[in-house]
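S.K.: Sequence and predicted structure, then a few things I'm wondering about:
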Amino acid sequence: MKLYRIHRKQRLSLSVDAAWTFFSNPWNLQKITPPWLDFYIANEVYKAMYPGMLIMYRLKTLYGIPTIWISEITQVAEPHFFVDEMRFGPYRFWHHQHHFKTVSGGVEVQDIVHYAMKFGIFGQLFNHMMVSSKLEEIFNFRKNTLEQLFNDL
């Protein structure tokens, strides 16, 4: 199994507590997800995350095919970090760490994602040809949206 990594850092003009309030609320994920994914939460969830929380999403894949993704919140250390792991979905493995650190002028938000593709060598080829660039596009959209929400003067 080949493990891929995405690592993003971004500074936002808000407190670590305000960042925690925004990012730990599952309903805000739709606000920072590209519209072409047609993403929505498909089960009843609370606004506050807790270890063991399951969140079911419906979204469209790269080819517009609807799919289900189920994440479990496995770790929570408010207001410093939380971890979500895919339990069912399009990847063989997905582990996403969300970190929040107070810095001069605001907060540093850090995403660390490790993922693996299904289907062995064919999945690796598909990742190289398309998936990794789409994931970059998704995280770029997220970065730009967060800039508009929190850093516009």
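M.R.: Okay, I see it.

S.K.: pLDDT below threshold where in this structure?
M.R.: Scanning the chain for pLDDT under 70 picks out 152-153.

S.K.: now the strands for it?
M.R.: Counting by DSSP state E, the chain forms strands over residues 4-12, 40-41, 54-60, 66-77, 81-88, 93-103, 106-116, given from the N-terminal end onward.

S.K.: May I see the ones you listed organised as a markdown table, with distance to residue 137 added?
M.R.: Glycine gets a C-beta too; all of them are placed from N, C-alpha and C. As requested, the strands of the chain are exported to a markdown table (distance: least, C-beta to C-beta, whole Å):
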| stretch | distance to residue 137 |
| --- | --- |
| strand 4-12 | 12 |
| strand 40-41 | 19 |
| strand 54-60 | 14 |
| strand 66-77 | 17 |
| strand 81-88 | 19 |
| strand 93-103 | 17 |
| strand 106-116 | 14 |
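
S.K.: ok, the residue nearest in space to the middle of the chain to residue 151 distance?
M.R.: What sits nearest the mean C-alpha location of the chain, by C-alpha atoms, centre = their mean, is residue 96, with 6.6 Å. With distances defined as C-beta to C-beta, to the nearest Å, the gap from residue 96 to residue 151 amounts to 23 Å.

S.K.: again with residue 9
M.R.: Remark: distance between residue 9 and residue 151 (C-beta to C-beta) = 14 Å.

S.K.: Confirm for me that residue 26 is in contact with residue 49.
M.R.: Yes - shown here, residue 26 and residue 49 form a contact pair, counting by C-beta atoms under 8 Å, at 7.0 Å.

S.K.: how about the closest residue to residue 118 other than its chain neighbours, what does it touch?
M.R.: Excluding the flanking residues, the one nearest residue 118 by C-beta to C-beta, 6 or more residues apart in numbering is residue 92, at 4.6 Å. For residue 92, the set of contacting residues under the criterion of C-beta atoms under 8 Å, 6 or more residues apart in numbering consists of 1, 116-118, 123.

S.K.: Cheers, nothing more for now.
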